[in-house]
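> Compute the structure for the input listed below.
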Amino acid sequence: MRVVYALLLLGSVAGTVRADGTTSSWAVIPSMDASRQYDWTRAAAERLRTELRSMGLQVKDLRESQSAFERRHSRFPAQLAATEVSAFEQCAHHAESHIAGASYKKTLAMAKKCLEPVIPKLEAFARDPVRAETIFNLCMFRTRAYIENRKSAEAKAAALECRRMLPDIQPSAVVHPPEVRKVMAEVDRVLKTQGGRLRVTSSARGCAVYVNGRRMGQVPLSRGGLAPGTYGVQVDCQSGELSRVYPVTVLSRRLKKLHIDVGFEEALLSQPGLGLMYLTQAEHNQERLPHALMLVHALEASDALLITPLEDGLLRIDRLDAQQRLVLASVRLRWNALEARFEGDVLGEAMEALMEARSLDLSGPRPVPIGAWSPTRPGAEPLRAPQASHMAEPAPHHAVRVGTGILALALYGLAWGSAIAYESSDRQVPSAVLYLSSGALSSGLLWTASWMLFPSGKGGITWWKWAGALVGVALTTLGALAPLSKAERRGAYDDMLLFTGAPLLLWPLQDFL
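Got it, this is the predicted structure:
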């Protein structure tokens, strides 16, 4: 067993580099419901992380996972302290004094100082309409300062940034002079045709949509004319509860789509580490796998172990493949909460089984083979466990592949029949047209059918495709250089050799496409 496990470790280390050249990484995700909210679940998760690292695999730790998730998916909404609000208001007052006194250099410096702490918490500052107006005015003070210093390009850039920060506020005629409002009007006119578009949908309807803290409407929401840049989008479905902030990057003349799964957001646990928590066991059973796959994708991981507590210290570990959306294998173990370890010293055997895509129950006195967990959701893409190395494909796809192969063989036979008739007759033109057209078409279809029916090698070009390519070289060379016709000159048989050899000659290309 130790020899096998050692070989498994070496294979796992080698397997950290995927076929596309990228390095695979692992995530460990605890998942539970309110009826089985065990403190030891996180301890078991950390034990699994340690075991994966001992196998030489790259594993995301808690801090790294948190950072990756917030960067790619969402983060908690910022919270404002009273001191932050007070400091901002005082800073804004000083900036207003500088702009009123035409001290434009000091205005630029003060506006920058005021806005620096605001930008990371914009969604919190801008929730209040008065503060949002103050932020916009501070931003537009920079535009005015640049105008007064005859820096028109900087003035437009500053106005564009103001529009990105607060897309719905217009400059007040009381606070901003006509030349400042004119610059913003020009920016808005350009954005109307060249700005980006944002469409926000949600699994729950009627939820309020906030962009950088400003309410823009309800889902589904479509808004255009947005300045290029990154926005913080929130979808609030419960009154008085702030939802997570989703970073969305909008590009010029492009449509950015954002769909928010409210159920996933409600189930997400962020502290002290990423995990999933559900109110009911039924909801847990139904949603944890698709939500776990969403979490793995947000973490930029390739594989994951999903931990689910069962009862009486039992837990199940499911190995997930994020790319194929599959449960590869499952194991059942028993956790000793008092000693903070897996009972029976079976963790090594469990990891070996998971890496080999075998499912075992290791909670009893001896290992028992079981089936991998394979739940499905009505109306959703099936999430299933593989029963063999080759998964069954949909019937329509298989029919297309087989139909293409049959058509290719039929045309190939027609081409040979026409070629024989052409060589046996007075070389009539209709026969020549028939064998040339059917031969060329069958040659292309034969290669297409072989590409569809024969699997491509994942570890390089398969040997039998090299062998087929050598046969193709021989046939095409013979057809091009050694006439087989009765007149000892190029004829139908030579062309047919070319049509036969070409698909074989191209076989190795299938592994590169």
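
> The residue sitting nearest the centre point of the chain is in what secondary structure piece?
The centroid of the chain falls nearest to H297 when counting by C-alpha atoms, centre = their mean (5.5 Å). Using DSSP states H and E, H297 sits in helix 281-298.

> Can you point out the buried residues in that helix?
Within helix 281-298, the residues that qualify as buried are 284, 286-298, counting by 16 or more other C-beta atoms under 10 Å. Backbone N, C-alpha and C define where each C-beta goes, glycine included.

> where does this structure have low pLDDT?
By pLDDT under 70, the low-scoring segments of the chain are 1-24, 271-272, 375-399, 401, 426-431, 435, 447, 451-464, 482-490, 510-513.

> Output the longest helix belonging to it.
The longest helix of the chain (DSSP state H) is helix 395-424.

> That one packs against which elements?
Packing partners of helix 395-424 (3 or more C-beta pairs under 8 Å, 6 or more residues apart in numbering; DSSP states H and E): helix 429-453, helix 492-505.

> Can you give me the first-to-last residue distance of stretch 108-127?
Taking C-alpha to C-alpha, to the nearest Å as the measure, stretch 108-127 stretches 25 Å from start to finish.

> likewise stretch 54-69?
End to end - C-alpha to C-alpha - stretch 54-69 spans 24 Å.

> still on that earlier bit, list the contacts for the nearest residue to the residue nearest to the centre of the chain once chain neighbours are set aside?
Excluding its sequence neighbours, the residue lying closest to H297 (C-beta to C-beta, 6 or more residues apart in numbering) is A322, at 5.9 Å. With contact taken as C-beta atoms under 8 Å, 6 or more residues apart in numbering, A322 is in contact with L293, V296, H297, A301, S302, D303, A304.

> Swap in 10 Å and give it another go.
A322 makes contact with 24, 27, 292-297, 299-304, according to C-beta atoms under 10 Å, 6 or more residues apart in numbering.

> For it, what are phi and psi?
With angles defined as degrees, to the nearest 10, A322 sits at phi -70, psi -30.

> rewinding a little: CSV for the buried residues of helix 281-298, including distance to P508?
Below are those laid out as CSV (distance: C-beta to C-beta, whole Å):
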residue, distance to P508
H284, 49
Q286, 46
E287, 45
R288, 44
L289, 39
P290, 39
H291, 42
A292, 39
L293, 35
M294, 38
L295, 40
V296, 34
H297, 33
A298, 38
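
> could the helices and strands packed on helix 395-424 be laid out in CSV, adding distance to P167 and mean neighbour count?
Below are those laid out as CSV (distance: least, C-beta to C-beta, whole Å; neighbours: other C-beta atoms under 10 Å):
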stretch, distance to P167, mean neighbour count
helix 429-453, 49, 18
helix 492-505, 57, 22
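
> Please convert those helices to TSV, extending it with distance to R341.
Below are the helices and strands packed on helix 395-424 laid out as TSV (distance: least, C-beta to C-beta, whole Å):
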stretch	distance to R341
helix 429-453	51
helix 492-505	59
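
> residue contacts, V190?
V190 neighbours (C-beta under 10 Å, 6+ apart): K156, L160, G225, A227, S252.

> repeat that with 7 Å
Shown in contact with V190 (C-beta atoms under 7 Å, 6 or more residues apart in numbering): no residues.

> you'd agree it is in a helix?
Yes - applying DSSP: H, G, I helix; E, B strand; the rest coil, one finds V190 inside a helix.

> nearest to V327, of the helices and strands packed on helix 395-424?
Among the helices and strands packed on helix 395-424, the nearest to V327 by C-beta to C-beta is helix 429-453 (27.9 Å).

> how much does the longest strand seen in the chain deviate in direction from helix 281-298?
Criterion DSSP state E: the longest strand present in the chain is strand 326-336. With axes from the mean of the first three to the mean of the last three C-alpha atoms, to 10 degrees defining the directions, strand 326-336 sits at 120 degrees from helix 281-298.

> so how far is strand 326-336 from its chain's centroid?
Strand 326-336 sits 26 Å away from the centroid of its parent chain (C-alpha atoms, centre = their mean, to the nearest Å).

> quick one: contacts for H291?
By C-beta under 7 Å, 6+ apart, the contact set of H291 is F264, A267, L276.

> could these go into JSON lines alongside secondary structure, neighbour count and distance to G213?
What follows is these, written out as JSON lines (DSSP: H, G, I helix; E, B strand; the rest coil; neighbours: other C-beta atoms under 10 Å; distance: C-beta to C-beta, whole Å):
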{"residue": "F264", "secondary structure": "helix", "neighbour count": "20", "distance to G213": "22"}
{"residue": "A267", "secondary structure": "helix", "neighbour count": "22", "distance to G213": "25"}
{"residue": "L276", "secondary structure": "strand", "neighbour count": "24", "distance to G213": "28"}
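
> And those residues, which is closest to L497?
Within those, proximity to L497 (C-beta to C-beta) peaks at F264, which comes in at 59.7 Å.

> can I assume the closest one is in contact with L295?
No - contact criterion C-beta atoms under 7 Å: F264 and L295 do not qualify, at 8.1 Å.

> Give me the buried positions along stretch 126-146.
126-127, 131-132, 134-146.

> same thing with stretch 313-329?
In terms of neighbour count (16+ other C-beta under 10 Å), stretch 313-329 has its buried residues at 313, 315-322, 325-329.

> rewinding a little: want to try JSON lines for the contacts of A322, with distance to G232 as columns?
Listed next are the contacts of A322 as JSON lines, based on distance: C-beta to C-beta, whole Å:
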{"residue": "S24", "distance to G232": "31"}
{"residue": "A27", "distance to G232": "25"}
{"residue": "A292", "distance to G232": "25"}
{"residue": "L293", "distance to G232": "25"}
{"residue": "M294", "distance to G232": "19"}
{"residue": "L295", "distance to G232": "20"}
{"residue": "V296", "distance to G232": "24"}
{"residue": "H297", "distance to G232": "20"}
{"residue": "L299", "distance to G232": "20"}
{"residue": "E300", "distance to G232": "21"}
{"residue": "A301", "distance to G232": "24"}
{"residue": "S302", "distance to G232": "28"}
{"residue": "D303", "distance to G232": "31"}
{"residue": "A304", "distance to G232": "27"}
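
> follow-up on the earlier one: nearest to V402 among the contacts of H291?
The closest of the contacts of H291 to V402 turns out to be F264 (C-beta to C-beta; 40.1 Å).

> For the residue nearest to the centre of the chain, give its distance to T249.
H297 sits 17 Å away from T249 when distances are taken as C-beta to C-beta, to the nearest Å.

> Over to L504?
Applying C-beta to C-beta, the value for L504 to T249 is 48 Å.

> do the same with S222
Distance from S222 to T249, by C-beta to C-beta: 17 Å.

> cool, R205 as well?
Using C-beta to C-beta, we find R205 at a distance of 25 Å from T249.

> T404 too?
Applying C-beta to C-beta to T404 and T249 gives a distance of 41 Å.

> So for the two, which residue has more residues nearby?
Set T404 next to T249 and count neighbours by other C-beta atoms under 10 Å: T404 wins out with 18 against 11.

> Please name the nearest non-neighbouring residue to that one.
Of all residues not flanking T404 in the chain, A449 sits nearest, at 4.6 Å (C-beta to C-beta, 6+ apart).
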